[in-house]
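Peer 1: pasting a predicted model and its sequence here:
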Amino acid sequence: MTHLDTELKSLKSELSEMWMLVVSQMNKAKNALSNFDKDLATEVDINEKRVNVYELMIDRDCEHVLALYNPVAIDLRFVLAVLKINYNLERIGDYAQGIALIIKDMDSSFNKELFAKTSVIEMYEECNAMLCDTFHAFNKENNQLALTIFNRDEKLDNINRKANTTISEYIKMKPEEIEHSLNILSVVRKLERIGDQTKNIAEEIIFFIEAKVLKHRTKKLKENKDAEANKKK
């Protein structure tokens, strides 16, 4: 094994550790949300510092590999993918912390009826499943698994759109619950953005494995779908 191979293996190990930490943060934030567990929400808030430490360390190590070993072809794509996935994971960690902070600031638990109507828990479970599947796709270099993420992100977008209407109608009927309603809407929007970040990760996995850049193509497809949806309204 060359020195470059050793460095790349170390990078993959570090990113995997960060990935598992972010998965843990997401799971804990979901449990805090479901059970209105402020102690668990506080734990998520505190652990965000660990996610940030990983991001800085991985950035530094990627720069080290690029500067000292001048990787090419698939090795270069791997390092570039790690850099971008590292950023996406840090952003997901930020959103998990954001959900935890909402819970910490609330005086009482969420309305279960509105939870069900907005499908927020279903949305959260899909986010977690997508994050775990991208992890397996990265470690097993499985581009077919990575490709499944795009359609699943569309499901999150649909839940987000429906939640906007549902919460708007709910506030009209129960204006006294506007704060809780807006907090749930904030959680839904954070989950939708987590889906976007996970889709970005899937794009980087495919770029690393197949040398295909999908970002602009998937953005164009989403714009076309949104335009079609607006026409039907």
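Peer 2: On my side now, so go ahead. Every value quoted in this text rests on a predicted model; they were computed, and no experiment measured them.

Peer 1: make it CA atoms for all contacts and neighbour counts henceforth
Peer 2: Will do.

Peer 1: which element is the most centrally placed residue in the chain on?
Peer 2: By CA atoms, centre = their mean, the chain has its centre lying nearest to residue 194, at 3.1 Å. Residue 194 is part of helix 178-210 when elements are defined by DSSP states H and E.

Peer 1: and residue 130, by the same measure?
Peer 2: Under the criterion of DSSP H and E, residue 130 resides in helix 120-140.

Peer 1: who touches that helix?
Peer 2: Applying CA atoms under 8 Å, 6 or more residues apart in numbering, the external contacts of helix 120-140 come out as 16, 19, 23, 26-27, 30, 34, 115, 142-146, 149, 152, 156, 159, 184, 187-188, 191, 194-195, 198, 201-202, 205.

Peer 1: and those residues, which of them are buried?
Peer 2: 16, 19, 23, 26-27, 30, 142-143, 145-146, 149, 152, 156, 159, 184, 187-188, 191, 194-195, 198, 201-202, 205 (16 or more other CA atoms under 10 Å).

Peer 1: show me where this structure has its helices.
Peer 2: 3-35, 38-69, 73-105, 112-118, 120-140, 143-173, 178-210, 215-232 (DSSP state H).

Peer 1: which neighbouring elements make contact with the first one?
Peer 2: What that stands for is helix 3-35. Here helix 3-35 touches helix 38-69, helix 73-105, helix 120-140, going by 3 or more CA pairs under 8 Å, 6 or more residues apart in numbering; DSSP states H and E.

Peer 1: among the ones you listed, which is nearest residue 4?
Peer 2: helix 38-69 (6.5 Å; CA to CA).

Peer 1: which strands and helices sit next to that closest one?
Peer 2: So helix 38-69, by 3+ CA pairs under 8 Å, 6+ apart, packs with helix 3-35, helix 73-105.

Peer 1: for the helices of the chain, please prepare CSV with the additional fields mean pLDDT.
Peer 2: Output for these, formatted as CSV (pLDDT from 0 to 100):
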stretch, mean pLDDT
helix 3-35, 96
helix 38-69, 97
helix 73-105, 96
helix 112-118, 87
helix 120-140, 96
helix 143-173, 92
helix 178-210, 94
helix 215-232, 52
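
Peer 1: count the neighbours of the closest residue in space to residue 87 that isn't next to it in sequence for me.
Peer 2: Nearest residue to residue 87 in three dimensions, chain neighbours excluded: residue 55, at 7.0 Å (CA to CA, 6 or more residues apart in numbering). Residue 55 has 22 neighbouring residues, counting by other CA atoms under 10 Å.

Peer 1: residue contacts, residue 55?
Peer 2: Shown in contact with residue 55 (CA under 8 Å, 6+ apart): 18, 86, 87, 90.

Peer 1: can you tell me how far residue 58 is from residue 76?
Peer 2: In this view, residue 58 and residue 76 are 15 Å apart by CA to CA, to the nearest Å.

Peer 1: more neighbours: the two, which one.
Peer 2: When neighbours are counted by other CA under 10 Å, residue 58 and residue 76 differ, and residue 58 comes out ahead with 21 against 17.

Peer 1: that one touches residue 85, doesn't it?
Peer 2: No - taking contacts as CA atoms under 8 Å, residue 58 lies outside contact range of residue 85: 10.3 Å.

Peer 1: distance of the nearest residue to the residue nearest to the centre of the chain once chain neighbours are set aside from residue 195?
Peer 2: Closest residue to residue 194 apart from its sequence neighbours, by CA to CA, 6+ apart: residue 92 at 5.6 Å. As judged by CA to CA, residue 92 and residue 195 stand 9 Å apart.

Peer 1: what is in contact with those two at once?
Peer 2: In contact with both residue 92 and residue 195: no residue, using CA under 8 Å, 6+ apart.

Peer 1: sounds good, over and out.
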